[in-house]
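Undergrad: give me a model of this one.
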Amino acid sequence: MSSTKVTIGLPGHSAPGVGFEAPFEMLDACHERVERMLRLLGKIREHVQTHGADTQARDAARDVMRYFDQAGPHHHEDEERHVFPPLLAQRDPAVVAVVIRLKQDHREMAVMWARVRSALAALVGAGDDWAGFPAEDGQRFDAYDALYRRHLLDEDNVVYPAARSVIRGEALQAMGADMMARRGVA
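TA: Numbers count the residues shown, from 1 in each chain. Prediction:
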């Protein structure tokens with residue numbers, strides 16, 4: 001029986017080509033990375049069905065955990081601090097309703113992430129005899145993926161365009177400076 005090496009990583013996993021002087025472009029780049037991490041999560045699930053908890057699966061799980069442990073919370077805080085408040089102040093009922101839902105999503109995502117992360121941590125710590133993800137983990141992954149994808153659509157199609165029209169000049173510069181400072185970037 002010959003074994004075929006399967007790469008489950010995704011090409012192009014690099015830092016965005018924009019800086020903090022362009023905060024909305026940074027937020028857009030984060031959305032692209034979130035989508036890549038969600039795809040990688042799906043590939044991990046497929047991979048472990050055939051190959052178990054091999055090195056590739058464990059490394060990919062670590063990558064997903066690192067992203068959603070570190071970059072994900074920073075991204076949500078960027079929105080909570082800088083994007084949502086001016087939109088709520090504008091009082092456009094349709095936009096306010098979406099912002100309120102997105103704020104709730106952030107809380108729900110944190111809870112859901114803890115469960116998904118637990119399953120990934122089990123994979124990372126698994127031995128060769130690992131039986132794979134139980135069905136309830138698959139349901140958690142699916143729910144997390146679906147919530148995040150709807151969330152991204154709402155931000156990309158409603159919230160970011162509205163925010164770009166009201167966050168300009170000094171407020172935009174302050175947003176970029178805060179994003180940089182909270183990440184410890186000089």
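Undergrad: pLDDT weak spots in the chain?
TA: Scanning the chain for pLDDT under 70 picks out 1-17.
Undergrad: at 90 instead, please
TA: Scanning the chain for pLDDT under 90 picks out the ranges 1-21, 127-132, 184-186.
Undergrad: max-length helix in it?
TA: In the chain, with assignment by DSSP state H, the single longest helix is helix 93-124.
Undergrad: show me how far it is from its chain's centre.
TA: Counting by Cα atoms, centre = their mean, to the nearest Å, helix 93-124 is centred 9 Å from the centre of its parent chain.
Undergrad: kindly report the same for stretch 163-170.
TA: 24 Å.
Undergrad: run through who's touching it.
TA: Under the criterion Cβ atoms under 8 Å, 6 or more residues apart in numbering, residues Phe24, His82, Val83, Pro86, Leu87, Gln90, Met175 lie in contact with stretch 163-170. For the C-beta atoms, the positions are set from N, CA and C on the backbone; glycine is no exception.
Undergrad: now for the nearest residue to Arg58 once chain neighbours are set aside: which residues touch it?
TA: Take Arg58 and drop its neighbours on the chain: the residue closest to it by Cβ to Cβ, 6 or more residues apart in numbering is Val124, 5.0 Å away. Taking Cβ under 8 Å, 6+ apart as the contact definition, Val124 lies against Arg58, Ala61, Arg62, Met65.
Undergrad: among those residues, name the buried ones.
TA: Listed as buried from the contacts of Val124 are Arg58, Ala61, Met65; burial here means 16 or more other Cβ atoms under 10 Å.
Undergrad: ok, the last one touching Ala121?
TA: Yes. The pair Met65 and Ala121 passes the contact test of Cβ atoms under 8 Å, sitting 7.0 Å apart.
Undergrad: now the longest helix of the chain: buried residues?
TA: Judged by neighbour count (16+ other Cβ under 10 Å), helix 93-124 contains these buried residues: 95, 98-99, 102, 105-106, 109, 112-113, 115-117, 119-120, 123.
Undergrad: same question for stretch 31-50.
TA: Under 16+ other Cβ under 10 Å, the buried positions of stretch 31-50 are 31, 33-34, 36-38, 40-41, 43-45, 47-48.
Undergrad: and the residues you listed as TSV, adding secondary structure and distance to Arg150?
TA: Converted to TSV, these look like this (DSSP: H, G, I helix; E, B strand; the rest coil; distance: Cβ to Cβ, whole Å):
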residue	secondary structure	distance to Arg150
His31	helix	13
Arg33	helix	18
Val34	helix	12
Arg36	helix	18
Met37	helix	16
Leu38	helix	12
Leu40	helix	19
Leu41	helix	16
Lys43	helix	21
Ile44	helix	21
Arg45	helix	20
His47	helix	26
Val48	helix	26
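Undergrad: from those residues, pick the one nearest Asp137.
TA: Arg45 (8.6 Å; Cβ to Cβ).
Undergrad: for that closest one, give me its contacts.
TA: When contacts are counted by Cβ under 8 Å, 6+ apart, Arg45 touches Phe133, Gly138, Phe141.
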